[in-house]
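Peer 1: This is a predicted model, with the sequence first.
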Amino acid sequence: MTLHTSAQSEPLLYWEDFREGEVREFGEMQVNHDDIVRFASEFDPQPFHLDDEAGRRSLFGGLVASGWHTVAMAMRMMCDGYLLHSASLGSPGIESLKWLRPVRPGDTLRVRMTVLEARPLKSKPDVGLTKSRTEVLNQAGEVVMEMHGMGMFRRRP
């Protein structure tokens, strides 16, 4: 995983670089047993996220990552994949979030982002809005999480 400690002075990607229908794939993150337990201990301390035996007795049949942990891993891959290299202005929110399959220790996750809509903001002509579908896939190509949300980006000067 590439870590970025400071913002780039000149963005490589502006709103104009996100075209409707465009698909970007990026990231690769290994899901680690200890990270699952550490995240759950702090943020989602349900037994099937904390303990192997409790996970085996659960509906999941084994330890699984919190859905919120999956979101956090996706966010990290999105930052490294494009947000830290863009003129991102944040997001006004997400419309939907679905956890479709359990994420388990040893899984390798990646992200596929599809731009569904791109339009300039009427109220701020120097800002563009994108609507996208973000899918997190495991090593078998199965979609484990799907999110629909918006992003705001500066328009190219």
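Peer 2: Structure's in. What do you need? Being a predicted model, the structure only gives us computed values, none of them experimental.

Peer 1: what sits up against the lengthiest helix in the chain?
Peer 2: Determined from DSSP state H, the single longest helix within the chain is helix 67-81. Here helix 67-81 makes contact (Cβ atoms under 8 Å, 6 or more residues apart in numbering) with 1-4, 24, 26-29, 31, 35-36, 39-40, 43-44, 49, 65, 97, 99, 103, 109-111, 113, 134, 136, 144-145, 147. Quick note: C-beta positions are derived from backbone N, CA and C, even for glycine.

Peer 1: Can you measure across stretch 111-131, start residue to end residue?
Peer 2: 16 Å (Cα to Cα, to the nearest Å).

Peer 1: Can you give me the buried ones in that stretch?
Peer 2: Val111, Arg112, Met113, Thr114, Val115, Ala118, Val127, Gly128, Leu129, Thr130, Lys131 (16 or more other Cβ atoms under 10 Å).

Peer 1: Next: stretch 19-33.
Peer 2: Result for stretch 19-33 [16+ other Cβ under 10 Å]: buried residues Arg24, Gly27, Met29, Val31.

Peer 1: Dump the residues you listed to JSON lines, plus secondary structure, distance to Phe18 and pLDDT.
Peer 2: What follows is the buried residues of stretch 19-33, written out as JSON lines (DSSP: H, G, I helix; E, B strand; the rest coil; distance: Cβ to Cβ, whole Å; pLDDT from 0 to 100):
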{"residue": "Arg24", "secondary structure": "strand", "distance to Phe18": "9", "pLDDT": "97"}
{"residue": "Gly27", "secondary structure": "strand", "distance to Phe18": "17", "pLDDT": "96"}
{"residue": "Met29", "secondary structure": "strand", "distance to Phe18": "23", "pLDDT": "98"}
{"residue": "Val31", "secondary structure": "coil", "distance to Phe18": "28", "pLDDT": "98"}
